[in-house]
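> any chance you could fold what I've pasted below:
(one chain, ligands or ions: 1)
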Amino acid sequence: MNTAPIPFLNLKGINDRHRLAFREAFERVLDSGWVLLGEETAAFERAFAAYCGVRHCVSVGNGLEALHLVLHAWGVGPGDEVIVPSHTYIATWLAISHTGATPVPVEPLPGCWDMDPAQVEAAITPRTKAIIVVHLYGRPADHLPEIRVIAQRHGLPVLEDAAQAHGSTLDGVKAGHLGNAAGFSFYPGKNLGALGDAGAVTTDDDALAHRVRMLRNYGSEKKYVNELAGFNSRMDELQAAFLYEKLKTLDQDNHRRRDIATSYRLGLQGLPGLVLPLADDARIRSAWHLFVVRHPQRDRLAAGLAERGIQTLIHYPTAVHRQQAYADQPVSQRSFPLAEEYAATLLSLPMDPTLSDQQVLRVIDGVRSVCRTLQPTG
Ligand SMILES: *Cc1c(COP(=O)(O)O)cnc(C)c1O
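Numbering: from 1, shown residues only. The predicted structure is shown next:
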């Protein structure tokens, strides 16, 4: 039996499968003599918009800027508030902070990652300008339908942070088409990852798409005609060409991730102290970006797995309001018990479409045997 270490994510293996297509894409760009905002970018934008079922995809430099440019285009700025999950990656909050607005965190319902709709409604003030929902770990926000109704009632737009959720669906609708606009990341480790940084905004809103298109390029549509004080946040032709190739196998990869998640769920049921992530159901199909379990003795579980050559990661070890970056903000003095508990107990198991069935079984065996050695502390 192969006992080689199991990496958390085999990025080289993932990209090796596209080696030939990448070489051809590289030659195509080199031959075109065009490296920014050309035909490759336009072709990828068309393909990704069609994939998500939206009218517009505007490619940008990365996922953080995708979120930031949408908020900026909506006119969010200093003095404004934006509602955001207490439990997410810090980039979701930073997109708000970079506009000068204040992130207003809302806790999840126990066992979920996304926001509790009742607490969302309670957090709305006259200063609230938008609501960001995060499809964390690839799972479309469970309570998005209720949150959309609340948003509509208050005349607020909903921005999806879809950075981890390429190809996931809620009620048959793809992430990227579940709110007024969405921000995607194509960071290399995401389900659809470039060979560098890249991101995109998707939306059905013609005016918003037009505005983001200008904002990403110095606020200009026509060279040297600057209508807005914009930014420089462009996807380059090479990344667009690589992503165009990888998009072709995204569904296949997500399917494999789903199979791995199913195997993990079946193999890890009923272990003392171990809490499994919510399963897909009739309404929700996760992209299974990560398979995140919880355990009261998380660090010992991780150490035991490491001894068995199984690499795990923590997404994320520090709740956002507890990060140094927010130490001078009033939010740092507040308590978000679920976000804090998650930071202390979450563990992400290896998840990668190139994992073999044998590797998946070894992870299951490893977790089972380490869990049995740990005393549940409740
Ligand atoms: C990765 C990620 C981002 C940021 O994307 P970048 O391309 O790294 O800037 C934003 N939100 C979430 C939830 C992410 O996982």
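
> what's around the closest residue in space to E45 that isn't next to it in sequence, how many residues?
Leaving aside its sequence neighbours, E45 sits nearest to C57 (C-beta to C-beta, 6 or more residues apart in numbering; 4.4 Å). All C-beta atoms are positioned from the backbone trio N, CA, C, and that covers glycine. When neighbours are counted by other C-beta atoms under 10 Å, C57 registers 23.

> paired strands for the helix or strand hosting C57, with orientation please.
Under the criterion of DSSP states H and E, C57 resides in strand 56-60. Paired neighbours of strand 56-60 in the sheet (DSSP bridges): strand 199-203 (antiparallel).

> ok, for V275, nearest residue in space, not its chain neighbours?
R294 (4.1 Å).

> which residues does the one you found contact?
L274, V275, Y342, T345, L346, L347 (C-beta atoms under 8 Å, 6 or more residues apart in numbering).

> which of these tops the neighbour count?
L346 (23 neighbours).

> related to what we said a few turns ago, show the average pLDDT along the strand holding C57.
Strand 56-60 comes out with an average pLDDT of 98.

> who's in contact with the helix or strand just after it?
Using DSSP H and E, the next helix or strand after strand 56-60 towards the C-terminus is helix 63-73. With C-beta under 8 Å, 6+ apart as the test, helix 63-73 has contacts from 60, 82, 91-92, 94-96, 98-99, 101, 129-130, 132, 159, 161, 163, 181-187, 190, 199-201, 203, 208, 211-212, 215-216, 231, 233.

> among those, which are in strands?
With strands defined by DSSP state E, the entries of those inside them are 60, 82, 129-130, 132, 159, 161, 181-185, 199-201, 203.

> circling back to that earlier point, who touches the residue nearest to E45 in this structure?
F44, E45, R46, F48, A49, A200, V201, T202.

> if I look at it, how far off is K246?
15 Å (C-beta to C-beta, to the nearest Å).

> what residues does this structure have near the ligand?
Where the chain comes near the ligand, counting by C-beta under 6 Å from any ligand atom, the residues are 62-64, 88-89, 91-92, 134, 161, 163-164, 185, 187, 197, 199.

> can you rerun that using 8 Å?
When proximity is defined by C-beta under 8 Å from any ligand atom, the chain lies next to the ligand at 62-67, 88-89, 91-92, 95, 134-136, 161, 163-164, 183, 185-187, 190, 197-199, 289.

> could I get the full set of strands for the stretch 151-300 of the chain?
158-161, 169-170, 173-174, 181-185, 199-203, 220-222, 225-226, 284-285, 291-294 (DSSP state E, counting those that start in this stretch).

> mean pLDDT for these: which is lowest?
strand 220-222 (a mean of 90).

> that one pairs with which strands?
Applying DSSP bridges, one finds strand 220-222 paired with strand 225-226 (antiparallel).

> between the contacts of R294, which is nearest L9?
Nearest to L9 out of the contacts of R294 is L347 (C-beta to C-beta; 14.5 Å).

> now S369: how far from R362?
Where R362 is concerned, S369 sits at a distance of 11 Å (C-beta to C-beta).

> and those two? Which one has more around it.
More crowded of S369 and R362, by other C-beta under 10 Å: R362, with 21 against 12.

> among the contacts of R294, which two are most distant?
Checking those with C-beta to C-beta, the most distant pair is L274 and Y342, at 14.7 Å.

> pull out the buried positions in stretch 211-222.
Using 16 or more other C-beta atoms under 10 Å as the test for burial, stretch 211-222 gives R211, V212, R213, M214, L215, R216, N217, Y218, S220.

> and if you look at stretch 70-77?
Of the residues in stretch 70-77, those buried (16+ other C-beta under 10 Å) are V70, L71, H72, A73, W74, V76.

> give me the domain ranges for this structure.
Domain segmentation of the chain under automatic domain parsing yields 12-107+114-247, 249-373.
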